[in-house]
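Engineer: Test case, fold it:
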Amino acid sequence: MKYFQPKTSQKFQTLTKKPSSSRKSPSQTKPSTQKSSTSTTSLQNRTLKQQNTTRQLQTLFPESRTPTCPQQKKKKKKKWRFQKSMFAKWLPDNEELVTLCFEYDWETGKMNKWLKEEEEFVKVKNFFRSKYQYLKDWYKFNACYNPIQDIWAIQNLAFTEFINKINIIDPKISAAQINVKWTAVISSAKGMNTIPASVILNNMKPQEFTYVGFQQDLEKQELHYPHHQKPEDYKEQYSQRDETKPEVIVIPPEMRIERKEGNFLRNLAQYTDPNALLGQKSNRNPPNGLNRYQVMDIIYKLAEEKYIQEYKTTKSISEAIKMLWDEHLKEEMTSYSSQVWRIQRYWNEKCDTVLKGYKKIIDNVYKDYSKKKVKPGQPPFMCLDELQNICIQMGLDELDHWSSSEHLFSFNLSMMTQVDELCSDRIFQMSLVEFYEAIGRLAEKASFLPLEGVPDLENLDNESKWPLSKRKELPLGYKMEGFIMVMLQRCCSPLFKQNMPKYNKSIFWVDPDESDYDLV
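Structural biologist: As a prediction, this is how the structure comes out:
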């Protein structure tokens with residue numbers, strides 16, 4: 001049997017050939033010396049060629065002596081700006097708006113009939129204008145307790161609690177006397193034909209307006225209270241204001257929206273209802289409740305009763321009003337600003353991130369719950385009953401820490417200030433940007449936990465480790481995320497929920513690789 005034998009190359013045979021045992025003669029060794037010199041020369045040539053090739057490669061691809069990894073570039077993130085946020089369209093109180101409200105209330109009330117002397121007229125009007133922001137905020141808060149159907153007003157029970165707080169009743173001033181003054185003020189609204197703000201203010205000349213340039217430094221103010229607390233809950237945190245300091249809370253510079261300056265009568269249309277009819281009887285001026293324009297009237301009557309008629313401390317009504325303010329009203333009436341909560345809790349990047357990230361859910365809920373009182377051709381708006389239905393649908397009334405008036409406070413305090421609250425229905429027509437704030441105020445009280453993945457927060461799925469007292473201290477943005485998740489499950493249609501993605505991680509979850517960035 002023959003096996004296959006591979007052929008070996010001649011070079012391999014030469015290398016493996018055994019040397020001959022016979023000794024060669026000198027004549028035979030000479031040619032081999034010449035051959036070895038030739039091979040040495042070729043070897044040198046090859047070596048030089050390899051060296052040249054190596055140099056060329058080093059020139060094309062130079063080798064680093066200290067190899068390092070390239071530095072990873074930081075991602076850039078835009079710095080948060082209020083002007084680009086979801087809150088930018090919400091119009092806060094400013095000097096222009098507050099002046100228009102004051103002038104409308106002054107002209108609608110009884111001051112022009114009661115003040116006969118020109119000097120007293122000017123003093124009283126200037127004093128009330130300087131305190132009007134406080135009066136307006138106090139009224140707006142206390143009118144939420146028990147409105148008359150869908151009309152904001154302070155009824156007798158809430159007014160009696162206010163009288164007890166200011167300690168004005170003494171041996172000479174009885175509760176019956178106070179009740180007589182109350183009845184005299186509110187009964188003046190019966191059968192009264194109200195005049196729209198657009199008519200009153202357009203007929204006034206610019207020089208007739210009272211300008212008081214008071215502004216308050218927010219950094220000097222230490223009011224850290226949620227909107228749902230009562231004044232006695234935070235009086236220990238309340239700091240007495242310096243009389244030399246401004247009187248009206250203003251927006252910090254970084255949160256201001258630049259607007260055109262000029263005669264503010266030109267911008268009257270954005271603050272009033274042009275469709276209000278002249279001489280119509282207002283259905284928002286009930287005879288059994290105190291309206292905003294009547295707040296100055298009741299203060300006038302209380303000051304007159306105590307310091308002029310009973311104690312006879314002074315004969316000047318302007319001095320009597322100032323004494324009443326300093327001795328009884330100041331501490332109570334300067335504690336109701338809703339703007340403090342916005343700046344300290346709501347107007348920030350976290351809340352804006354939640355509103356932008358879950359905007360589709362919010363818009364869907366607003367669309368479904370803004371139909372009840374909308375007339376054909378009218379832009380959609382949410383009424384008070386519809387906000388209450390949202391709270392009931394979410395089961396908020398079943399919470400132990402929830403009160404039946406929370407939706408009233410959330411609705412009214414979220415609404416932008418309106419000049420005309422008698423002839424206009426705007427104060428009960430909640431727009432989308434006002435609904436954003438109502439969500440924040442409801443979420444502040446409900447205090448739901450956010451989704452998993454929030455930095456520095458653990459065990460969010462274990463409610464036993466997050467009692468109510470601990471949840472209340474969370475940033476509002478985290479509470480709003482949990483609130484919107486409950487709203488998605490209980491207020492949205494099944495079809496809408498099917499088309500939405502499953503939210504397993506919080507919107508505040510941060511990828512560790514992307515945690516470092518530069519603000520631009």
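Engineer: which residue sits closest to residue 111, ignoring its sequence neighbours?
Structural biologist: Sequence neighbours aside, residue 296 is the residue nearest to residue 111 in space, at 6.5 Å (criterion: Cβ to Cβ, 6 or more residues apart in numbering). To be clear about C-beta, it is placed using only N, CA and C from the backbone, and glycine gets the same treatment.
Engineer: in what helix or strand does residue 444 lie?
Structural biologist: If you go by DSSP states H and E, residue 444 is part of helix 432-446.
Engineer: Touching, the residue nearest to residue 111 and residue 136? I think so.
Structural biologist: No: contact criterion Cβ atoms under 8 Å: residue 296 and residue 136 do not qualify, at 10.4 Å.
Engineer: Would you map out the domains in the chain?
Structural biologist: By the assignment in automatic domain parsing, the chain contains the domains 84-339, 343-519.
Engineer: lowest-confidence stretch among these?
Structural biologist: Lowest mean pLDDT within those: domain 84-339, at a mean of 76.
Engineer: Kindly check the end-to-end length of that one for me.
Structural biologist: One end of domain 84-339 to the other measures 19 Å (Cα to Cα, to the nearest Å).
Engineer: and residue 296 and residue 136? which has more neighbours close in?
Structural biologist: Using other Cβ atoms under 10 Å as the criterion, residue 296 and residue 136 rank with residue 296 on top: 25 against 20.
Engineer: Strands along the chain, start to end?
Structural biologist: In the chain, the segments counted as strands under DSSP state E are 75-77, 517-519.
Engineer: quick revisit: Provide a list of residues in contact with the residue nearest to residue 111.
Structural biologist: Residues counted as contacts of residue 296 (Cβ atoms under 8 Å, 6 or more residues apart in numbering) are 105, 106, 109, 111, 128, 135.
Engineer: Pull the contacting residues for the second one.
Structural biologist: With Cβ under 8 Å, 6+ apart as the criterion, the residues that contact residue 106 are 112, 125, 128, 293, 296.
Engineer: Next, find the distance separating the fourth one from residue 438.
Structural biologist: I take that to be residue 293. As judged by Cβ to Cβ, to the nearest Å, residue 293 and residue 438 stand 26 Å apart.
Engineer: and what of the last one?
Structural biologist: With the distance defined as Cβ to Cβ, residue 296 ends up 29 Å from residue 438.
Engineer: And residue 120, by the same measure?
Structural biologist: Going from residue 120 to residue 438 by Cβ to Cβ gives 43 Å.
Engineer: More neighbours: the two, which one.
Structural biologist: Neighbour tally, residue 120 and residue 438, criterion other Cβ under 10 Å: the higher count belongs to residue 438, 22 against 16.
Engineer: roughly how far apart are residue 162 and residue 143?
Structural biologist: Taking Cβ to Cβ as the measure, residue 162 falls 12 Å from residue 143.
Engineer: Next: residue 376.
Structural biologist: Look at residue 376 and residue 143: by Cβ to Cβ, they are 31 Å apart.
Engineer: cool, and residue 185?
Structural biologist: 15 Å.
Engineer: and residue 323, what does it touch?
Structural biologist: Counted by Cβ under 8 Å, 6+ apart, residue 323 has contacts 303, 307, 313, 314.
Engineer: Tell me how many other residues crowd residue 301.
Structural biologist: By the measure other Cβ under 10 Å, the count of residues near residue 301 is 19.
Engineer: And for it, nearest residue in space, chain neighbours not counted?
Structural biologist: residue 181 (4.1 Å).
Engineer: Equivalent analysis for residue 380, please.
Structural biologist: residue 370 (4.2 Å).
Engineer: How many residues are close by that neighbour?
Structural biologist: Neighbours around residue 370, by other Cβ under 10 Å: 21.
Engineer: And it, how far from residue 453?
Structural biologist: Computed as Cβ to Cβ, the residue 370 to residue 453 distance reads 32 Å.
Engineer: do the same with residue 286
Structural biologist: 50 Å.
Engineer: do residue 157 as well
Structural biologist: Distance check for residue 157 against residue 453: by Cβ to Cβ, it reads 47 Å.
Engineer: So between the two, which is more surrounded?
Structural biologist: Between residue 157 and residue 453, residue 453 has the larger neighbour count (other Cβ under 10 Å), namely 14 against 10.
Engineer: looking at it, the more buried one is touching residue 511, isn't it?
Structural biologist: No: counting by Cβ under 8 Å, residue 453 does not reach residue 511; the two are 10.4 Å apart.
Engineer: Touching, residue 492 and residue 365? I think so.
Structural biologist: Yes: Residue 492 lies in contact with residue 365 (Cβ under 8 Å); the separation is 6.6 Å.
Engineer: the more surrounded of the two?
Structural biologist: The neighbour count for residue 492 versus residue 365, taken as other Cβ under 10 Å, is higher for residue 365 (21 against 17).
Engineer: Might you report the residue contacts of that one?
Structural biologist: 390, 487, 491, 492 are the contacts of residue 365 under Cβ under 8 Å, 6+ apart.
Engineer: Could you report the distance from the third one to residue 437?
Structural biologist: Taking Cβ to Cβ as the measure, residue 491 and residue 437 are separated by 18 Å.
Engineer: quick one, which of these two is more surrounded?
Structural biologist: Between residue 491 and residue 437, residue 437 has the larger neighbour count (other Cβ under 10 Å), namely 26 against 19.
Engineer: can I assume that one is in contact with residue 416?
Structural biologist: No: taking contacts as Cβ under 8 Å, residue 437 lies outside contact range of residue 416: 9.5 Å.
Engineer: what do these two both touch?
Structural biologist: Listed as contacting both residue 437 and residue 416 by Cβ under 8 Å, 6+ apart are residue 90.
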